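> sequence first, predicted coordinates after that:
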Amino acid sequence: MGNIQEIDGALMLIDNESLAGIVEKASDAVISIDESQKIILFNASAENIFGYSKDEVLGQELNMLLPDKCRSIHATHVSNFSTSPERSRPMTGRRGVEGKRKSGELFPAEASISKIITDGKKIFTVLLRDITDITQAERTISDIQKSHEEAQHIAHLGHWALDLDTNELAWSDETYHILGVEPGTNNTYETFLETVHPDDRSYVEHAYTDSIKNRTLYNVEHRLLMKDGSVKWVSERCQTHYAEDGTPLRSLGTVQDITERKASEEKLKENKAILTGILDSAAEAVISINESQHIVLFNKNAEKIFGYKKSEVLGSPLGMLLPEMYRSAHQTQVDDFRNSPKKSRYMADRGEIKCLKKNGEIFPAEASISKLTFNGHERFTAVLRDISRRKQNEKKLHDSFVESIYSLMRAAEYRDDETGAHVKRISYYTKVLAEQMGMDDDFCDQIFYASAMHDIGKIGIPDHILLKPSGLTPDELEIMKTHTVIGGKIMAGNTSPYLQLGMQIALAHHERWDGGGYPFGLKGDAIPLSARIMQLADVYDALRSKRPYKTALDHKKTVEIITKGDGRTEPSHFDPAVLAAFQKCADAMDEVFEQGGQQE
């Protein structure tokens with residue numbers, strides 16, 4: 001077992017129960033196995049993820065949590081890792097990781113594995129996260145199991161008295177029991193020393209004689225070697241009384257069997273070492289603060305992410321890791337969490353997290369926070385992940401989607417220049433309406449680009465119909481109506497949120513609230529909201545625009561027709577909520593038309 005002095009100073013400030021609480025409340029599964037691949041630790045998140053209770057898995061082989069096809073590969077991976085000099089390894093870097101729930105369901109996961117050697121035995125610990133619902137980006141860690149329950153028993157206590165003149169040693173019955181000596185035996189100081197473990201006798205004798213010489217309290221812990229070869233630990237305390245001339249007369253003391261306490265301490269040290277290894281192998285930053293928001297735990301990945309050494313941050317305010325502009329909001333959020341009944345919270349639900357590195361760089365992060373109350377004191381722990389790279393990838397993906405959209409727009413514009421100008425204005429109309437309706441930023445951004453593709457299906461309409469300068473015949477009109485279905489097919493089966501929204505708009509932007517539209521005759525809320533917004537924007541621009549078969553109307557007349565009707569266009573065609581938003585932002589839409597969709 002590792003020397004306790006090797007355990008991080010920061011972790012020594014945290015009692016084992018608190019640290020085990022951090023593990024138990026972690027959002028990641030924490031699973032430890034011994035060298036025979038038997039499960040010895042299984043936290044609450046592991047129970048939630050796999051569907052097994054702790055009692056069902058402890059002592060069982062790890063294979064019960066793996067798909068059949070992965071078991072031999074996993075065994076090889078662990079065997080190689082066991083003999084490697086590495087202390088930790090991200091398992092997802094080797095091959096995909098899959099888990100198997102109690103229900104038989106297989107699920108994808110990301111995981112890291114670490115190993116610790118205690119008493120010559122290897123313990124492997126896996127931190128595992130179910131990433132079934134996290135297919136587009138990384139989600140942060142991290143997340144840690146409560147280890148074994150601490151147990152301490154009240155030790156037996158005996159007393160003794162040593163006459164330093166006669167060397168007679170009197171023991172209570174409990175002292176005889178503790179020392180393993182037959183009651184009634186004539187005892188001397190030498191008799192006592194014979195019960196002391198040979199390796200501790202010199203230490204004990206010097207401690208006692210020094211206490212007499214220096215007139216100090218005799219207070220030692222040492223081992224006893226019992227007749228059956230077993231070893232006990234005892235704690236001894238005594239006070240010596242002296243004559244007026246300074247001659248030592250009598251020592252009165254107690255002896256307490258602390259074998260169980262020592263065993264518990266050794267177990268606590270082992271658990272502390274295991275938990276330390278778990279924390280330091282975590283892929284996320286794990287940071288704990290006390291009630292006054294001072295840092296009391298800072299794991300290795302926190303050092304890597306923030307650029308600080310542990311010694312630079314322990315005892316310092318958490319604010320040093322936050323940009324100044326966000327510190328007040330963070331304090332409010334922590335106070336709100338402190339007063340809530342929840343024990344954990346995903347902080348990104350409250351808005352984007354921003355953190356501050358030692359070099360002054362501000363970076364985006366996702367984090368979860370948990371709280372633990374022990375001995376009347378609260379401790380907050382954040383598991384945090386730097387998502388800078390993910391945000392960069394998301395931006396590249398967004399830019400790629402936008403470029404795809406504009407490529408499709410240019411295809412439409414190539415066939416009909418007026419259509420090209422129309423789609424530019426439509427983007428701004430729909431965004432203005434969505435913002436007026438209070439839609440979130442993501443929706444407003446997506447509809448801005450997706451609405452530009454509403455008529456992309458016209459690529460499939462013959463030129464003699466699409467570019468016809470006069471009105472269409474009934475048959476031609478039916479063909480023209482198919483542009484909605486064509487557009488939907490063009491964007492069908494795409495996972496992009498922009499193209500998914502674009503497909504909704506392309507299919508349903510000619511549907512009407514009262515059910516009189518096409519191609520499906522959808523009515524009311526059955527029409528996607530994006531298409532309802534697009535429908536009004538399309539009608540507004542059509543009324544304002546000049547066509548070979550109609551003149552352009554001014555803004556005032558257009559608003560009047562949409563809100564009051566003219567026999568062909570009626571208010572009942574539109575979602576009342578979209579219509580109400582239009583009445584509030586009509587002037588902004590007029591500005592879009594006048595600028596030709598060239599807004600910055």
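Thanks, I have it. Since this is a predicted model, take the numbers as computed values, not measurements.
> can you show me the strands along the stretch 201-350 of the chain?
Counting by DSSP state E, counting those that start in this stretch, the segments of the stretch 201-350 of the chain that form strands are 218-225, 231-242, 248-257, 285-289, 295-298, 344-346.
> need those in JSON lines with distance to residue 89, mean neighbour count and mean pLDDT, can you?
In short, each C-beta sits where N, CA and C put it, glycine included. As requested, the strands of the stretch 201-350 of the chain are exported to JSON lines (distance: least, Cβ to Cβ, whole Å; neighbours: other Cβ atoms under 10 Å; pLDDT from 0 to 100):
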{"stretch": "strand 218-225", "distance to residue 89": "40", "mean neighbour count": "17", "mean pLDDT": "93"}
{"stretch": "strand 231-242", "distance to residue 89": "38", "mean neighbour count": "17", "mean pLDDT": "92"}
{"stretch": "strand 248-257", "distance to residue 89": "44", "mean neighbour count": "18", "mean pLDDT": "92"}
{"stretch": "strand 285-289", "distance to residue 89": "18", "mean neighbour count": "24", "mean pLDDT": "88"}
{"stretch": "strand 295-298", "distance to residue 89": "22", "mean neighbour count": "23", "mean pLDDT": "90"}
{"stretch": "strand 344-346", "distance to residue 89": "27", "mean neighbour count": "15", "mean pLDDT": "67"}
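> how about those strands in JSON lines, adding distance to residue 198?
Putting the strands of the stretch 201-350 of the chain into JSON lines (distance: least, Cβ to Cβ, whole Å) gives the following:
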{"stretch": "strand 218-225", "distance to residue 198": "7"}
{"stretch": "strand 231-242", "distance to residue 198": "11"}
{"stretch": "strand 248-257", "distance to residue 198": "18"}
{"stretch": "strand 285-289", "distance to residue 198": "44"}
{"stretch": "strand 295-298", "distance to residue 198": "42"}
{"stretch": "strand 344-346", "distance to residue 198": "52"}
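> and those: which comes nearest residue 386?
Within the strands of the stretch 201-350 of the chain, the stretch nearest residue 386 is strand 285-289; the backing value is 7.7 Å (Cβ to Cβ).
> partner strands of that closest one, with direction?
Under the criterion DSSP bridges, strand 285-289 sits next to strand 295-298 (antiparallel), strand 377-386 (antiparallel) in its sheet.
> any idea how far the last one is from the chain center?
Its chain's average C-alpha position is 10 Å from that of strand 377-386, according to Cα atoms, centre = their mean, to the nearest Å.
> Three-state assignment for residue 373, please.
Remark: residue 373 carries the secondary structure label strand [criterion: DSSP: H, G, I helix; E, B strand; the rest coil].
> report the beta-bridge partners for it.
On DSSP bridges, the residues paired with residue 373 through beta bridges are residue 378.
> again, but for the one 10 residues further on
The residues paired with residue 383 through beta bridges, assigned by DSSP bridges, are residue 286, residue 368.
> report pLDDT for it.
According to the prediction, residue 383 has pLDDT 86.
> what do you get for residue 150?
Looking at residue 150 specifically, the model assigns a pLDDT of 31.
> again, but for the one 4 residues further on
We note a pLDDT of 42 for residue 154 in this prediction.
> swap in residue 273?
Note on residue 273: pLDDT of 66.
> mind giving me the domain split of this protein?
Under automatic domain parsing, the residue ranges defining each domain of the chain are 4-130, 157-257, 285-386, 391-595.
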